[in-house]
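Asker: model the following, please.
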Amino acid sequence: METVLAEKIETILSKLEASSRMKDYYDIYLIYKFKLNKINKAKFKGAVKKTFEKREFNVDLLGNLNIIKDSKILRDKWTSYARKNSYARNIEFVETIKCLEEFVNIILEDE
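Answerer: As a prediction, the model looks like this:
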């Protein structure tokens, strides 16, 4: 689970507004809401390090997170995704971003 989470976070933070994978946002939301207590933080941080290295991802995480937070394009993509997928209908984009932000904070802990 830690590796899957790391890969989804890297995809979101690297693609920014070019992302069409709103399901990744939904998955991040679900993992945070229902599996957070099962995440091994050390294993997660290790998976993030390996994923970021393998994909040559080395950017300002908070800067990219802020781009995502402020993106009308991504908000509109989420609205469309939620409209088409009943399981996401009652979840606001800002809620998915809060979950993503919490995972980014875990990544940045002790750095």
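Asker: C-alpha only now, for contacts and for neighbours.
Answerer: Noted.
Asker: buried ones in the biggest helix by length in the chain?
Answerer: With secondary structure taken from DSSP state H, the chain has its longest helix at helix 93-108. The neighbour-count check on helix 93-108 (16 or more other C-alpha atoms under 10 Å) flags 93, 96-97, 99-101, 103-104, 107 as buried.
Asker: can you tell me which helices and strands it packs against?
Answerer: Helices and strands touching helix 93-108, by 3 or more C-alpha pairs under 8 Å, 6 or more residues apart in numbering; DSSP states H and E, are helix 22-35, helix 41-54, helix 61-69, helix 72-84.
Asker: let's see that helix as CSV, backbone CA atoms only.
Answerer: This file holds the C-alpha atoms of helix 93-108, laid out as CSV (Å, rounded to 0.1, in the frame of the first residue of the first chain):
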residue,chain,number,x,y,z
PHE,A,93,-12.0,18.6,-4.4
VAL,A,94,-10.7,20.5,-1.4
GLU,A,95,-11.2,17.4,0.7
THR,A,96,-9.0,15.3,-1.6
ILE,A,97,-6.3,18.1,-1.5
LYS,A,98,-6.4,18.1,2.3
CYS,A,99,-5.6,14.4,2.3
LEU,A,100,-2.8,14.8,-0.2
GLU,A,101,-1.4,17.6,1.9
GLU,A,102,-1.4,15.4,5.0
PHE,A,103,0.6,12.8,3.1
VAL,A,104,3.0,15.5,1.8
ASN,A,105,3.5,16.6,5.4
ILE,A,106,4.4,13.0,6.4
ILE,A,107,7.0,13.0,3.6
LEU,A,108,8.5,16.2,4.8
